[in-house]
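**Q** kindly generate the corresponding structure for this input.
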Amino acid sequence: MQKVAVFVLTGLGALGVAAIGTLVPETVRAEQFSREVGVPLQEAKKAMDRKQFDAALVQLKKAQGVPGKKPHEDYVINEMLTYVYTQQKNYPEAIRAIEANLAAGRASPADVAAKQKTLTQMYVATRNWPKVIQYGNNWVKANPGDAEGYYQLAQAYSQAGQHKNAVRTIQQALDLNSKAGKKPEQNWLVLKLDSQHKVSPPDEEGIIETREMLVRHYPSKDNWKAVLAKIYNQPSNDDLATLNLLRLMLDLDLLEKPADYKDMAEMAIAGGMPAEAVVVLEKGFANKTLEVKDKERYVRLLNNAKIQVQASTAETAKLEAEAKGAATGEADVKLGSRYLASGEYQKAVAALNRGLQKGGFKGQDEAHMMLGRAHLKLKEKDKARKAFGAVPDDSKLAQVAQLWGVYAAQS
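**A** Numbering: from 1, shown residues only. Here you go, the predicted structure:
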């Protein structure tokens with residue numbers, strides 16, 4: 001057979017072959033090709049340059065049909081077929097060509113790793129999840145720093161119903177992103193959240209933690225609504241935690257049911273803050289949430305709150321006098337809560353800071369929460385975050401304080 005050096009091989013980089021993870025090894029490029037194989041390969045290259053992929057495929061099939069080909073000739077044909085089939089989105093045939101070259105054993109370790117990655121992505125496109133798991137594990141083993149590989153693998157585990165593996169693997173992707181100083185991808189967090197729900201039993205603490213990450217990095221109304229609804233329905237909540245959740249929902253415009261407005265108003269009245277109840281109920285009427293068939297019930301509650309506001313004026317003056325001479329901060333904090341409820345935010349900050357400085361009273365966690373909210377109303381978000389961050393981790397208010405801190409950072 002007459003031999004011809006096929007110069008087309010040295011130009012494969014221009015085809016973008018590297019972009020799909022395949023490279024022709026130098027040892028293959030240096031090989032000689034028969035004319036029967038080389039000429040159609042040259043013609044295929046010309047057609048590929050013109051993006052005439054059907055014509056290129058005809059030439060590649062001609063080369064492929066030559067009997068007695070050498071291994072390196074088969075290898076190059078498969079590399080070019082991979083590119084053409086990929087451009088045509090014929091992934092099953094592209095996969096066949098790549099797997100044939102992997103089995104040939106002629107690729108370098110780097111090329112093998114690139115092919116594993118390409119196969120993983122193509123099997124994702126064809127939704128062959130067992131194969132994605134097979135090649136995805138090879139991909140991340142060869143490239144342990146490639147976060148995208150862990151995401152693709154986690155996606156396959158999720159689709160295959162292996163939800164614990166999905167959670168573990170997507171967390172590896174998130175950890176790599178974090179180490180690289182990148183924020184987590186939203187679809188990665190959504191995948192983790194979905195898998196946490198499907199683990200048996202569901203990972204409740206993990207679900208809340210992931211939702212917190214979602215609202216921290218992607219503060220859409222839907223994400224906030226989901227995380228607050230989950231926490232709001234926790235049986236471990238006490239009234240104070242529930243009230244602070246309702247307050248956050250009010251600020252985020254997420255109170256949707258008349259009962260939420262009623263509950264929040266009644267809790268505020270019970271806590272000695274009727275002015276806050278007035279604000280809550282008036283907002284409910286303004287946005288039409290309380291314009292329902294039993295509207296009169298909420299009107300009565302609003303009127304009652306207004307009466308209590310008028311009656312509390314003398315009590316506020318009494319608290320001011322009491323706070324001045326008090327050794328502990330309890331009276332100052334009560335005074336600060338009154339100021340906060342009535343919209344006197346500068347006075348609220350001063351009173352709450354005095355109370356916290358004096359100390360000696362129960363409920364310091366709630367005092368920090370009120371201080372944070374007062375700073376937020378004054379658009380002092382850094383001071384607000386510091387106040388919310390002062391709530392200790394073992395407090396019943398810790399979780400809601402973290403969420404308020406996230407909200408403060410976004411305000």
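**Q** for whichever helix in the chain runs longest, give the mean pLDDT please.
**A** Secondary structure of the chain per DSSP state H: the longest helix is helix 295-325. The predicted model gives helix 295-325 an average pLDDT of 90.
**Q** please enumerate residues in contact with the helix or strand harbouring residue 346?
**A** Assigned by DSSP states H and E, residue 346 belongs to helix 345-358. With C-beta atoms under 8 Å, 6 or more residues apart in numbering as the test, helix 345-358 has contacts from 323, 326-333, 335-337, 339-340, 361, 364, 367-368, 370-371, 374-375, 377-378. No exception for glycine: its C-beta is placed from N, CA and C like everyone else's.
**Q** buried among those? Need that as a selection in ChimeraX.
**A** Filtering those down to the buried ones (16 or more other C-beta atoms under 10 Å) takes a single ChimeraX command:
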select :323,326,329,330,331,332,333,335,336,337,339,340,361,364,367,368,370,371,374,375,377
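**Q** now, the contacts of helix 345-358 that are in helices?
**A** Of these, the ones assigned to helices by DSSP H are 323, 330-333, 335-337, 339-340, 364, 367-368, 370-371, 374-375, 377.
**Q** show me what contacts residue 212?
**A** With the criterion set at C-beta under 8 Å, 6+ apart, residue 212 makes contact with 227, 402, 403, 406.
**Q** let me see the contact set for residue 122.
**A** 91, 94, 95, 98.
**Q** which of those residues fall in helices?
**A** Short answer: these in helices (DSSP H) are 91, 94, 95, 98.
**Q** about what we covered before: farthest pair within the contacts of residue 212?
**A** The span of those, defined through C-beta to C-beta, is set by 227 and 402 at 10.6 Å.
**Q** more crowded one of those two?
**A** Taking other C-beta atoms under 10 Å, residue 227 and residue 402 do not tie; residue 227 has more neighbours (23 against 18).
**Q** so that one makes contact with residue 208?
**A** Yes. Between residue 227 and residue 208 there is a contact under C-beta atoms under 8 Å: 7.0 Å.
**Q** number of residues surrounding residue 132?
**A** 26.
**Q** just to be sure, it is in a helix?
**A** Yes. Counting by DSSP: H, G, I helix; E, B strand; the rest coil, residue 132 is part of a helix.
**Q** now residue 305: closest residue in space, sequence neighbours ignored.
**A** residue 277 (4.0 Å; C-beta to C-beta, 6 or more residues apart in numbering).
**Q** any idea how many residues pack against the one you found?
**A** Using other C-beta under 10 Å, residue 277 has 27 neighbouring residues.
**Q** wait, a helix at it?
**A** Yes. Judged by three-state DSSP, residue 277 forms part of a helix.
**Q** quick check: it vs residue 409, distance?
**A** Distance, residue 277 to residue 409, by C-beta to C-beta, to the nearest Å: 28 Å.
**Q** are we agreed that residue 195 is in a strand?
**A** No. Under three-state DSSP, residue 195 sits outside any strand and is assigned helix.
**Q** test my guess that it contacts residue 171.
**A** No. Using C-beta under 8 Å, residue 195 is not in contact with residue 171, being 9.9 Å away.
**Q** what about these two, which has more around it?
**A** residue 195 (27 against 17).
**Q** secondary structure class for the residue lying closest to residue 197 once chain neighbours are set aside?
**A** Once flanking residues are discounted, residue 197 sits nearest to residue 207: 6.4 Å by C-beta to C-beta, 6+ apart. Assigned with three-state DSSP, residue 207 falls in the helix class.
**Q** picking up where we left off before, I'd like the contacts of residue 212 as TSV, with distance to residue 287, pLDDT and secondary structure appended.
**A** What follows is these, written out as TSV (distance: C-beta to C-beta, whole Å; pLDDT from 0 to 100; DSSP: H, G, I helix; E, B strand; the rest coil):
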residue	distance to residue 287	pLDDT	secondary structure
227	22	85	helix
402	27	91	helix
403	22	93	helix
406	24	93	helix
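**Q** so what pLDDT did residue 103 get?
**A** In this model, residue 103 is scored at 93, pLDDT.
**Q** actually residue 232, not the one I wrote
**A** 81.
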